[in-house]
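Trainee: Following is a predicted model, sequence given first.
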Amino acid sequence: MREKVDLNCDLGEGMANDKAIMPFLGSCNIAAGGHAGDKHTILETIKLAKKHQVKIGAHPSYPDQQNFGRKPMDISFAQLEESLFHQINLVKKLAATESKSMHHIKFHGALYLKSLTSASLAENLAKFLAHNYQGIHLYAPYGSYMAEEARKHKILLKNEGFADRAYMTSSTLVSRKKSNAILINLDEVRHQVLSMVYKGKVPTFDKQSHDIIVDTICIHGDHPKALEIAQLLGPLLATSTLNQ
């Protein structure tokens, strides 16, 4: 029998709803200081995850708190690699102080999105992960360059889908600059997630659908209805069968 699909959320980003959302999650992605967060917020989020037996992941990004990591940065890969190493290792080190291991890594924002469509960036990131973080999962979308490179480099992969974002293809999202980029209606969220999980299809902005595989579903912690979505999806994904 296939593993139940996990529910994850980006946390430790300065939102007020982390404590309320955490009990509904299977895993969390902790802002590692690049786009948000610091040693204090990372440790507090780890402690909260430990309390609710939620798997811990590092959520590194371009080092750009001013833009919340949502704008690409024109820096060399060597500079990016140095920053990512520092961010991920900070989460890993602080988790160890709470006797917790780091389960996964999920890139954030512009770095995440660029890795899906840039073969060269995906290859460099995969080499970086394979060299430094063997045995730790990567969260990346099915069919993306990042997922393909993860497989090539024998990185443990969890295919990620999004509950609260509109899709262009199975591995690309509608730009946040577009008015329809974020799903607000809870019925739409439910329909999209159930379609991905139980039918292996993701509905797209143009009323089409694409094949998809999902092992984990993401909620963005800064979504205006993040808690409501967690309350909706937590119980749904916790069951192995569902009346659709």
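Mentor: Good, I have the coordinates.
Trainee: In three-state terms, label the closest residue to Met102 other than its chain neighbours for me.
Mentor: Of all residues not flanking Met102 in the chain, Lys92 sits nearest, at 4.7 Å (C-beta to C-beta, 6 or more residues apart in numbering). Just so you know, the C-beta spots here come from the backbone N, C-alpha and C atoms, and that holds for glycine as well. At Lys92 the chain is in helix, as set by DSSP: H, G, I helix; E, B strand; the rest coil.
Trainee: Got the confidence number for Lys92?
Mentor: pLDDT, Lys92: 98.
Trainee: Would you mind measuring from it to Lys158?
Mentor: 18 Å (C-beta to C-beta, to the nearest Å).
Trainee: Mind checking which of these two has more residues around it?
Mentor: Lys158 (22 against 18; other C-beta atoms under 10 Å).
Trainee: Bridging across strands, which residues link to the more buried one?
Mentor: Counting by DSSP bridges, Lys158 is bridged to Tyr139.
Trainee: The residue nearest to Met102 and Ala58 touch, don't they?
Mentor: Yes - applying C-beta atoms under 8 Å as the test, Lys92 and Ala58 come out as touching, 6.9 Å apart.
Trainee: list residues touching both of those two?
Mentor: Met102 (C-beta atoms under 8 Å, 6 or more residues apart in numbering).
Trainee: what's near enough to touch His210?
Mentor: His210 makes contacts with Tyr167, Thr169, Ser170, Lys201, Val202, Thr204, as judged by C-beta under 8 Å, 6+ apart.
Trainee: same thing but 7 Å
Mentor: Residues near His210 by C-beta atoms under 7 Å, 6 or more residues apart in numbering: Thr169, Ser170, Lys201, Val202, Thr204.
Trainee: Can you flag the buried ones in those?
Mentor: Thr169, Ser170, Val202, Thr204 (16 or more other C-beta atoms under 10 Å).
Trainee: residues in contact with Ile212?
Mentor: For Ile212, the contact set (C-beta under 7 Å, 6+ apart) comprises Tyr142, Gly161, Ser170, Met196, Gly200, Lys201, Val202.
Trainee: Among those, which one sits closest to Leu43?
Mentor: For the contacts of Ile212, the residue nearest Leu43 by C-beta to C-beta is Gly161; the value is 29.3 Å.
Trainee: what number of residues lie near that closest one?
Mentor: Neighbour tally, Gly161, other C-beta under 10 Å: 23.
Trainee: Backbone dihedrals for it, please?
Mentor: When read as degrees, to the nearest 10, the backbone of Gly161 gives phi -120, psi 160.
Trainee: tally of neighbours for Met102?
Mentor: Applying other C-beta under 10 Å, I find that Met102 has 23 neighbouring residues.
Trainee: cool, and Asp206?
Mentor: Neighbours around Asp206, by other C-beta under 10 Å: 9.
Trainee: repeat for Asp211
Mentor: 12.
Trainee: just the one 5 residues further on next, same as before
Mentor: Taking other C-beta under 10 Å as the criterion, the count of residues near Thr216 is 23.
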